[in-house]
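**Student:** here is a sequence together with a model predicted from it:
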Amino acid sequence: QVQLVESGGGLVQAGGSLRLSCQALGSIIRVNAMGWYRQAPGKQRELVASITSGGSTNYADSVKGRFTISRDNAKNTVYLQMNSLEPEDTAVYYCHGEVIHGAYYSSFSYWGQGTQVSVSS
């Protein structure tokens with residue numbers, strides 16, 4: 001059984017910072033791409049940032065220059081450093097990972113439980 005466990009959400013004032021963490025736990029062979037998505041009330045879930053196992057990154061235009069995604073492959077953990085937060089960043093943030101596990105080295109897609117980020121003006 002594999003699960004993604006998130007931490008680090010909370011309430012912060014505009015201009016502040018938060019750091020999200022997400023660790024993949026279980027009988028894991030390898031974690032390929034990992035990423036962070038967010039979903040605001042009444043809106044669709046959207047990609048915030050992603051990172052490959054080799055460290056290549058991709059960001060939504062709305063967070064470029066403010067957010068940084070990184071990972072620790074030894075810990076199967078991905079991080080999202082969020083600086084200069086804006087009220088528009090308020091959403092539930094979900095971690096996603098492509099996890100290799102099992103006898104046949106199959107790849108499965110997993111989601112974290114979500115963590116609330118609220119930015120006050």
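**Tutor:** Sure, I can see it. Numbers count the residues shown, from 1 in each chain.
**Student:** middle-most residue in the protein, spatially?
**Tutor:** Trp36 (2.8 Å; Cα atoms, centre = their mean).
**Student:** next up, phi/psi of that one, please.
**Tutor:** Per-residue torsions, Trp36: phi -120, psi 130 (degrees, to the nearest 10).
**Student:** tell me the bridge partners for it.
**Tutor:** Ala49, Cys95 (DSSP bridges).
**Student:** residues contacting it?
**Tutor:** Going by Cβ atoms under 8 Å, 6 or more residues apart in numbering, Trp36 touches 20, 22, 47-50, 69, 78, 80, 93-96. The C-beta positions use only the backbone N, C-alpha and C, and glycine is treated the same way.
**Student:** among these, name the buried ones.
**Tutor:** Buried members of the contacts of Trp36, counted by 16 or more other Cβ atoms under 10 Å: Leu20, Cys22, Val48, Ala49, Ser50, Ile69, Val78, Leu80, Tyr93, Tyr94, Cys95, His96.
**Student:** surely the fifth one is in contact with Ile69?
**Tutor:** Yes - look at Ser50 against Ile69 with Cβ atoms under 8 Å: they come within range, at 7.0 Å.
**Student:** wait, a strand at Gln116?
**Tutor:** Yes - under DSSP: H, G, I helix; E, B strand; the rest coil, Gln116 sits within a strand.
**Student:** now it. Nearest residue, chain neighbours left out?
**Tutor:** Gly9 (4.9 Å; Cβ to Cβ, 6 or more residues apart in numbering).
**Student:** gap between the one you found and Met82?
**Tutor:** Distance from Gly9 to Met82, counting by Cβ to Cβ, to the nearest Å: 10 Å.
**Student:** among those two, which residue is more densely surrounded?
**Tutor:** Neighbours per residue (other Cβ atoms under 10 Å) separate Gly9 from Met82, with Met82 holding more: 25 against 17.
**Student:** spit out the residues that contact Gly9 and Met82 alike.
**Tutor:** Common neighbours of Gly9 and Met82, using Cβ under 8 Å, 6+ apart, are Leu18, Leu20, Val117.
**Student:** may I ask which helix or strand of the protein has the lowest mean pLDDT?
**Tutor:** Here the helix or strand of the chain ranked lowest by mean pLDDT, DSSP states H and E is strand 106-111, holding a mean of 94.
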